[in-house]
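A.B. asks: Based on what follows, work out the 3D shape:
(one chain, ligands or ions: 1)
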Amino acid sequence: MSARSERTEHTPRRTFLKGAAFGAAGLGAAAAAGCERSGAAPSPAVRPVERTQAFASYVALDLQTDTTAQTDDLLRTLAARVRQLQTEHVPASVGISAPPSDSGTLGPVVAPDGLVINMGYGATFFDHAHGDRKPKGIKAMREFEDDALDRSKCHGDMLLEIRADQQDVVVHALRELTRATRGGLTVRWRQEGSSPPPRPDGAPRNHFGFKDGTSNPTGADFDSLVWIDEPTQPWTRGGTFLVVRLIRMLTEFWDRVSISEQENMFGRVRTTGAPLDGDHESDAPRFEDDPSGDIIPLTAHMRLANPRTSDTDRSRIFRRAYNYTGGADANGNLDLGLVFTCLQRDIEAQFEATQERLEGEPLTDYISPIGGGYFYLPPRDAGSGISTTGGIL
Ligand code: HEM
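C.D. replies: Next up is the predicted model:
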């Protein structure tokens, strides 16, 4: 079944049009939709790498609009609200006979508290509108050999990535954005996550107790691996592709594995996060000194994911992970996992190439990818200064 035909049927109620009251955001929305038709593309080099806020929500949405004009109105409304939420403001007073303009959960003054909102676009968005602006390389998320995908948690016409320092700020933003677009967008799936503080230092730990996020490209490497630079599609320049994978972690099984086996599976020491051939988390592994994998097994996750060879150098990705906790499954097993996300300029050459190398790795016995999607994050609208995509990084 195609992603398109899996769309939930819904009778459009275009109440989002009323949301235009939030203010003019035409420029911003146009850029967010990748449909800014003229003007110089922003320089990718000016973008700082944003930190990972403590809480996040990933919300995939499906369009329920019938025409491009309606879709554009919806995007304007959404972008205006995104912009407003990222700015400290006092919600407008609408009198006592109308529903309040804000849920009030953040009190009388809405403070952003590190709020970053990115608007993403799945391949199916461009079937709906602006097909001529579809970025090369955006497509439906591929199913891999070790996946156990739950169709109700895959794909989406759009994605909102909402990150903030407090959980109530994330939920407030999510609630206001869905309220502003009710009738025009329906929620397809949603996953919340959190990123714990360093214990005691370095990258935050995942549910397996290992530091996660240690090795990531930085500086010029980051720029050349992450920002799209496609000469035939100048409007995408400085945008990026976001891959989201919802990965269940089978902690009941994991907790029965010896520490040495656990460490061999990742190639790192659990306590310090150092590679098995090093002393500190920041030490680079020296695979060339250990060609047969006596110290860091050839099947170790980090070694397969990034073999550090000239052949695989361009397949590196920028990762950002959030731990999720759900309830329990029918067997009483805890529903714990990782919202794995990565940014890259070319999904096939980077995420998919990395995922292919990881196929069949020992870790696959303890994890199970259940959902996610591929999304395009457009460049910021430098001209208007509106961070319509929430400041991608
Ligand atoms: C639940 C699933 C996963 C867990 C628990 C996990 C855990 C880890 C850990 C502990 C590290 C070492 C520390 C670090 O550098 O961050 C790591 C590294 C890495 N992982 Fe994963 N990971 C998961 C899924 C994935 C997926 C799906 C991909 C991509 C397809 C991936 C790609 C990478 C890469 C590229 C590195 C860095 C390797 C390096 O440069 O040394 N991981 N992961």
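A.B. asks: Just the strands from the protein, written as ranges.
C.D. replies: 55-63, 116-121, 158-164, 185-194, 240-249, 318-328, 334-344, 367-377 (DSSP state E).
A.B. asks: could I get those strands as JSON lines with mean neighbour count and distance to the ligand?
C.D. replies: Quick note: C-beta positions are derived from backbone N, CA and C, even for glycine. Shown next, in JSON lines, are the strands of the chain (neighbours: other C-beta atoms under 10 Å; distance: least, C-beta to the nearest ligand atom, whole Å):
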{"stretch": "strand 55-63", "mean neighbour count": "24", "distance to the ligand": "15"}
{"stretch": "strand 116-121", "mean neighbour count": "27", "distance to the ligand": "18"}
{"stretch": "strand 158-164", "mean neighbour count": "25", "distance to the ligand": "17"}
{"stretch": "strand 185-194", "mean neighbour count": "20", "distance to the ligand": "12"}
{"stretch": "strand 240-249", "mean neighbour count": "23", "distance to the ligand": "4"}
{"stretch": "strand 318-328", "mean neighbour count": "17", "distance to the ligand": "6"}
{"stretch": "strand 334-344", "mean neighbour count": "22", "distance to the ligand": "4"}
{"stretch": "strand 367-377", "mean neighbour count": "24", "distance to the ligand": "4"}
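A.B. asks: residues from this protein in reach of the ligand?
C.D. replies: Within the chain, the residues that sit near the ligand (C-beta under 6 Å from any ligand atom) are 203, 206, 208, 210-215, 245, 247, 249, 266, 268, 301-302, 305-306, 317, 319, 338, 340, 351, 354-355, 358, 367.
A.B. asks: Skipping its backbone neighbours, what lies nearest the residue of the stretch 1-150 of the chain found nearest the ligand in space?
C.D. replies: At 8.8 Å from the ligand, residue 144 is the closest residue in the stretch 1-150 of the chain, using C-beta to the nearest ligand atom. Take residue 144 and drop its neighbours on the chain: the residue closest to it by C-beta to C-beta, 6 or more residues apart in numbering is residue 355, 5.6 Å away.
A.B. asks: what separates the one you found from residue 147, distance-wise?
C.D. replies: Using C-beta to C-beta, to the nearest Å, one gets 9 Å for the distance from residue 355 to residue 147.
A.B. asks: So which of those two has more stuff around it?
C.D. replies: Using other C-beta atoms under 10 Å as the criterion, residue 355 and residue 147 rank with residue 355 on top: 22 against 19.
A.B. asks: right, and that one touches residue 145 too?
C.D. replies: No: using C-beta atoms under 8 Å, residue 355 is not in contact with residue 145, being 9.4 Å away.
A.B. asks: need the contact list for residue 254.
C.D. replies: 208, 262, 366 (C-beta atoms under 8 Å, 6 or more residues apart in numbering).
A.B. asks: Go again with 6 Å.
C.D. replies: 208, 366 (C-beta atoms under 6 Å, 6 or more residues apart in numbering).
A.B. asks: I'd like to know how far it sits from residue 363.
C.D. replies: For residue 254 relative to residue 363 (C-beta to C-beta), the value is 9 Å.
A.B. asks: the helices in the stretch 151-300 of the chain, which residues?
C.D. replies: Applying DSSP state H, counting those that start in this stretch to the stretch 151-300 of the chain gives helices spanning 167-180, 219-226, 251-254, 259-266.
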